[in-house]
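Asker: For reference, the sequence and a predicted model appear below.
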Amino acid sequence: MKSDKFSKFLISLTLGIFGAVLLLLAAESWGIVPLSKFTNFLEDGPAILRVLLGILFVALCAGVIYVIIRALKLGKELDAGEMNLLTRSSAGESFISNEAVSELVQRILKKNKQIKSASCKVIPVEDGVNVQVRQTVYSGTDLNQLCTAVQSSIKQEIESVTGIPVRNVAVNIIKTVQGTEPVTETKRVN
């Protein structure tokens with residue numbers, strides 16, 4: 001919150017200074033305020049004031065760049081395809097991002113000692129999500145049993161934690177590797 005207030009202050013200050021400079025330039029171009037006195041001051045004035053004005057100019061340029069960057073970042077909102085409806089009530093709606101659901105799946109997969117590495121993709125579909133899992137497993141693992149356990153664990157966990165129905169869990173084993181993990185029995189991922 002503190003950072004957000006500071007950012008708003010910097011944006012307001014920068015826009016204020018930039019606006020004042022633009023007004024002065026407009027007033028000079030219309031002949032209302034001559035800026036020749038100011039330019040004479042820049043050429044003949046005290047060196048310390050010229051240095052301070054140079055620093056102010058650099059700060060103004062940096063501020064304008066900061067404002068542009070912030071405006072571009074603030075303008076980005078999550079696409080409707082990146083969010084899933086959690087709840088709808090008279091007070092409003094609650095959403096969860098696909099990234100959050102993906103992180104939940106990653107935590108589930110990390111618990112299974114038969115999986116060396118895995119990645120997942122959450123795809124929103126009508127009334128729920130599909131999950132695609134790609135994994136590398138240790139050799140000696142009962143692949144059929146592992147896939148079944150992973151599918152049911154992912155479905156159960158997502159539905160119990162988020163309430164979002166899981167329509168399909170596709171598990172793709174991309175390779176098996178020799179490893180240091182003992183593979184004695186298939187454990188259910190919870």
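Answerer: Received, thanks.

Asker: For the protein, name the helix or strand with the lowest mean pLDDT.
Answerer: When the helices and strands of the chain are compared on mean pLDDT, DSSP states H and E, strand 83-89 comes out lowest with a mean of 61.

Asker: And the next helix or strand past that strand?
Answerer: Following strand 83-89 in sequence order, the next helix or strand is strand 92-97 (DSSP states H and E).

Asker: Can you list the helices and strands that that next one packs against?
Answerer: On a contact count with 3 or more Cβ pairs under 8 Å, 6 or more residues apart in numbering; DSSP states H and E, strand 92-97 meets strand 83-89. The way it works is simple: take the backbone N, C-alpha and C, and place the C-beta from them, glycine included.

Asker: so what's I173 up against?
Answerer: 135-137, 143, 147 (Cβ atoms under 8 Å, 6 or more residues apart in numbering).

Asker: Weed out the non-buried ones from those residues.
Answerer: 135, 137, 147 (16 or more other Cβ atoms under 10 Å).

Asker: In TSV, list these along with distance to K5, secondary structure and pLDDT.
Answerer: Shown next, in TSV, are the buried ones among the contacts of I173 (distance: Cβ to Cβ, whole Å; DSSP: H, G, I helix; E, B strand; the rest coil; pLDDT from 0 to 100):
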residue	distance to K5	secondary structure	pLDDT
Q135	44	strand	92
V137	49	strand	92
C147	50	helix	91
